[in-house]
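**Q** show me how the following folds:
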Amino acid sequence: MIKWLLAFLGKGPKTKKNTKGVEESELTYIRVENLELGMYVAKLDCPWLESPFKLQGFNLTTQRELNTLRGLCHHVYIDRFRQSKLSMSAKKTFSGKKLLIGDVPPKKGSFEKEISTATHKFSETGALINDFMEKVEDGGSVDTSLAKDAVASSVSSILNSPDAYLWLTQLKSIDKRTAQHSLNVSMLSIILGRQIGLSEQELRNVGLCGMMHDMGKMLIPSAIRNKKTPLNPEEQAIMRTHTTLGAELLKSSDNMFHGAIETALTHHETINGQGYPKGVKDSDVSYYSNMVSIVNEYDNLTTDRPYQKALTHLQATQILYQQAGEKFDRLLVSKFIESLGVFPPGCYVELSDNRIALVLETNTESKLRPKIMAFMDNQMSAIKKGVINLDNVLIDLKGNPLRIQNIINPDDFNIDRKKHFQDGVIAKGFLLT
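**A** Okay, the predicted model is just below:
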C-alpha cells in the first residue's frame, strides 16, 4: 500500500490504464542533456541514497542542480503532471480569487524543543472548543475574540514545529469526539495552509474556519448527534442541517471572520456539485472551505466511531487520492498528503531489523527517512529507547540497511498511544540519545 503513496508524492513511478485496461507509466524518460529548469524529476537511473539529492522527487530550480544531474545520470524520469500542476507557480481559482501556491516556510524550531509548548497550547485550545460547544448547546454563542487568540497562538507554534501538532492530532478522544475533531481539523488546516505557503494571517483565517466548521452540530438533537449506530435517512437529513445552523450561529457572533461563516455552510459541498446543502461546485466553494473539507474527511476516516473502526493513515490518504478531482480539489489533496508525509509524526512503524518505533519528526529534505524512536521488538518486548535519525543512520546493528518497512496498527502490538505519550516516552527518548 505504501507504493501508491510514494508514487503520488513523486517518490516512485505512477501508472495509468490505457484503453485496454493495461497499466503504463505516466513518467517520461528523458536524457539528462535534454533536461530544462522547471521540470519535475521523479526518478533517477540510480538509487536516491547514492545521489546528493535528499528530496525524493523535486522541481529543477537551479543550474547547479541541473549540472549535478548531468554529471551523475545518463537519464531520469520526469513527471509532467507535477511540473504543470504542482509547481511553485501553480495557481488555482476559488470564489473569484487566485490562490498562489508558494514555498513551504522552513521550520522555526524543532520537535524536541516545541513539543512541550505545543502540548500545552493544544490542550488549552481543545478545552476552549469544548467550552464553546457546551455554551452553544445551552443556547449561547461563540466568543470570537477568544477563538481568534487561540488560533493565532497555535499558528505561531505550528510554524515552529508542525510535527509536534501532527503527533498531537493522533491522540483521539472518544469522550469529546466533536470537540477533538474540530481541534484536529483546525490544526491540520493550518498545517495544510503552511504547506501551500499561505501568509500568517491566512493561516489564522483557515485555522478559525476549521475550529468553527462543525459548531452547528451542537444545535442538532443529542439523540441523533450521539447515536451509536448509523443514522437512518430521516436522521441524516436532520444532521445535514448542521451546516445552515452553524452558519446562522456564527453570523450572530461578534466580529466572526466571514470565511468561517461560509465554511460552516459549505464544508460538505464538493467540486462535482454532489455535496450539500446547495449542491454548488468548483469556484462557488471558497478555498478555505475546500481545505477544511479535505482535512475534515481525513480526520473522520482516521477516527474510531461506535460503528466504524478508524482507518490507517495510508488507507485514509488513499481514499483522498481516489476522491481527488471528483469530490475534492486535486491540487489541495496533493498538498495535504505532502504535508502529512508517507510516515507522519505519531504513527508507529516496523523497521527492517524488526524493531517497533514511533515516528517523531520528518526530515524536510528526506521524508522517507524521518526521526524515530525505537522502543520495542516485534515480540512486544521492551528495548532501550533512543531517538534515531534515519537520515544519518543508514545501517542497523547487524550491518544491514536500516529502513522503515511498514506502518503498523498500535492496537496489534498492545500499544496505548495516549499512555505512551503521558508516560513521557518522547522526552525520555531524547534524553537517551
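**Q** once you drop chain neighbours, what's closest to Val393?
**A** Leu402 (6.0 Å; CB to CB, 6 or more residues apart in numbering). Backbone N, C-alpha and C define where each C-beta goes, glycine included.
**Q** ok, that neighbour - contacts?
**A** Taking CB atoms under 8 Å, 6 or more residues apart in numbering, we find Leu402 in contact with 351-353, 388, 390, 393-396.
**Q** just the buried ones from those, in PyMOL syntax?
**A** Selecting only the buried entries of these in PyMOL, with 16 or more other CB atoms under 10 Å as the criterion:
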select buried, resi 351+353+388+390+396
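**Q** for the contacts of Leu402, give me CSV that also has secondary structure and pLDDT.
**A** Below are the contacts of Leu402 laid out as CSV (DSSP: H, G, I helix; E, B strand; the rest coil; pLDDT from 0 to 100):
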residue, secondary structure, pLDDT
Leu351, strand, 91
Ser352, coil, 89
Asp353, coil, 88
Ile388, strand, 88
Leu390, coil, 90
Val393, coil, 79
Leu394, coil, 79
Ile395, strand, 83
Asp396, coil, 76
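**Q** which of the contacts of Leu402 lies closest to Lys335?
**A** Taking CB to CB as the measure, Lys335 lies nearest Leu390 of the contacts of Leu402, at 24.0 Å.
**Q** that closest one touches Ala374, doesn't it?
**A** No - applying CB atoms under 8 Å, one finds Leu390 not in contact with Ala374, separated by 10.5 Å.
**Q** any stretches of the stretch 201-350 of the chain with poor pLDDT?
**A** Along the stretch 201-350 of the chain, segments meeting pLDDT under 70 span 283.
**Q** which residue is nearest the centroid of the protein?
**A** Leu340 (3.8 Å; CA atoms, centre = their mean).
**Q** tell me the contacts of it?
**A** Applying CB under 8 Å, 6+ apart to Leu340 gives the contacts 166, 313, 317.
**Q** touching, the last one and Tyr298? I think so.
**A** Read that as Thr317. Yes - if you go by CB under 8 Å, Thr317 and Tyr298 touch, sitting 7.3 Å apart.
**Q** how about the helices in the stretch 1-150 of the chain?
**A** Under the criterion DSSP state H, counting those that start in this stretch, the stretch 1-150 of the chain contains helices at 2-8, 63-72, 80-85, 111-137, 144-160.
**Q** same check on the stretch 251-400 of the chain?
**A** Using DSSP H, counting those that start in this stretch, the helices of the stretch 251-400 of the chain run over 258-266, 287-301, 313-323, 330-340.
**Q** where's the nearest residue to Lys371 once chain neighbours are set aside relative to Ala118, distance?
**A** Closest residue to Lys371 apart from its sequence neighbours, by CB to CB, 6+ apart: Glu361 at 4.3 Å. Noted for Glu361: a distance of 12 Å to Ala118, by CB to CB, to the nearest Å.
**Q** any idea of the pLDDT on Gln63?
**A** Per-residue pLDDT puts Gln63 at 68.
**Q** any idea how far His74 is from Glu338?
**A** 29 Å.
**Q** more neighbours: the two, which one.
**A** Set Glu338 next to His74 and count neighbours by other CB atoms under 10 Å: Glu338 wins out with 19 against 11.
**Q** quick one: that one from Arg417, how far?
**A** For Glu338, the distance to Arg417 equals 24 Å [CB to CB].
**Q** quick one: which of the contacts of Leu402 is nearest to Ser334?
**A** Set against Ser334, the nearest of the contacts of Leu402 by CB to CB is Leu390 (24.2 Å).
**Q** torsion angles phi and psi at that closest one?
**A** When read as degrees, to the nearest 10, the backbone of Leu390 gives phi -60, psi -20.
**Q** report the contact partners of it.
**A** 363, 366, 369-372, 402-404.
**Q** residues touching stretch 278-296, excluding its own?
**A** 92-97, 99, 181, 184-185, 188-189, 192-193, 205-206, 209-210, 213-214, 259-260, 262-263, 266-273, 275, 320, 328-329, 332-333, 336.
**Q** go with 7 Å
**A** 93-97, 99, 185, 188-189, 192-193, 205-206, 209-210, 213, 259, 262-263, 266-273, 320, 328-329, 332-333, 336 (CB atoms under 7 Å, 6 or more residues apart in numbering).
**Q** what does stretch 255-271 give?
**A** Residues outside stretch 255-271 that contact it (CB under 7 Å, 6+ apart) are 144, 205, 208-209, 212-213, 215-216, 243-244, 246-247, 250-251, 275-276, 278, 280-282, 285-286, 288-289, 292-293, 296, 327-329.
**Q** buried subset of those residues, written for ChimeraX?
**A** Provided next is the ChimeraX selection string for whichever of the contacts of stretch 255-271 are buried by 16+ other CB under 10 Å:
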select :144,205,208,209,212,213,215,216,243,244,246,247,250,275,280,285,286,288,289,292,293,296,327,328,329
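**Q** which of the contacts of stretch 278-296 count as buried?
**A** Buried, going by 16+ other CB under 10 Å: 94-95, 99, 185, 188-189, 192-193, 205-206, 209-210, 213, 259, 262-263, 266-271, 320, 328-329, 332-333, 336, out of those.
**Q** strands of the chain, residue ranges please.
**A** 15-17, 23-25, 28-31, 40-44, 58-59, 75-78, 91-94, 97-100, 348-351, 355-361, 371-377, 382-389, 404-408 (DSSP state E).
**Q** and of these, who's closest to Glu50?
**A** Closest among those, once you apply CB to CB, is strand 40-44, at 8.7 Å.
**Q** chain neighbours aside, what residue packs nearest to Thr117?
**A** Excluding its sequence neighbours, the residue lying closest to Thr117 (CB to CB, 6+ apart) is Ser157, at 5.9 Å.
**Q** likewise Ala42?
**A** Asp79 (4.1 Å).
**Q** what residues are bridge-paired with Ile407?
**A** On the basis of DSSP bridges, Ile407 is bridged to Val349.
**Q** you'd agree it is up against Thr312?
**A** Yes - Ile407 is within contact range of Thr312, at 6.2 Å (criterion: CB atoms under 7 Å).
**Q** more neighbours: the two, which one.
**A** Ile407 (20 against 15).
**Q** contacting residues for that one?
**A** When contacts are counted by CB under 7 Å, 6+ apart, Ile407 is found next to 312-314, 343, 347, 349.
**Q** mind doing that once more with 6 Å?
**A** Going by CB atoms under 6 Å, 6 or more residues apart in numbering, Ile407 touches 314, 347, 349.
**Q** who touches the second one in this structure?
**A** For Cys347, the residues meeting the contact criterion (CB under 6 Å, 6+ apart) are 313, 359, 407.
**Q** and the gap between the last one and Leu311?
**A** Separation of Ile407 from Leu311 (CB to CB) stands at 12 Å.
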